[in-house]
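>>> Below is the sequence, then the predicted model.
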Amino acid sequence: MTGWGFFQQGGEQMQEVTGLGAQLSARIHCPVHYPAFNKRAFECRCGVIFPLYMVQTRNWSNVREHHEKGHRPEEA
């Protein structure tokens, strides 16, 4: 498969992660994928990494701030 990710099977935990990814994408207005770099993290199209624990808090104001100010690889 080409692109960002790969197919994963999973039960309830994967359903939770999928739901969190949908909420994250909607809150930051940027598509995301999981897992990023085979870690428990999301990555948005801008290249900003969101650890799963950060998204699980559902503190969307912190998440949006992280998206605005987080490290973007093309800026390095």
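Right, received. Where do you want to start?

>>> burial of Cys46, as a residue count?
By other Cβ atoms under 10 Å, the residues close to Cys46 number 17. Heads up, the C-betas are built off the backbone N, CA and C, glycines and all.

>>> give the contact list for it.
Residues in contact with Cys46 (Cβ atoms under 8 Å, 6 or more residues apart in numbering) are 30, 67, 72.

>>> So which of those are in helices?
Among those, the ones falling in helices (DSSP state H) are His67.

>>> The closest residue to Pro73 other than its chain neighbours and Gln13: what is the separation?
Nearest non-adjacent residue to Pro73, counting by Cβ to Cβ, 6 or more residues apart in numbering: Gly47, 4.4 Å away. Gly47 sits 25 Å away from Gln13, going by Cβ to Cβ, to the nearest Å.

>>> Compare the two and say which is more crowded by neighbours.
Between Gly47 and Gln13, counting by other Cβ under 10 Å, Gly47 is the more crowded of the two (14 against 8).

>>> Which pLDDT value does the model give the more buried one?
Looking at Gly47, its pLDDT reads 94.
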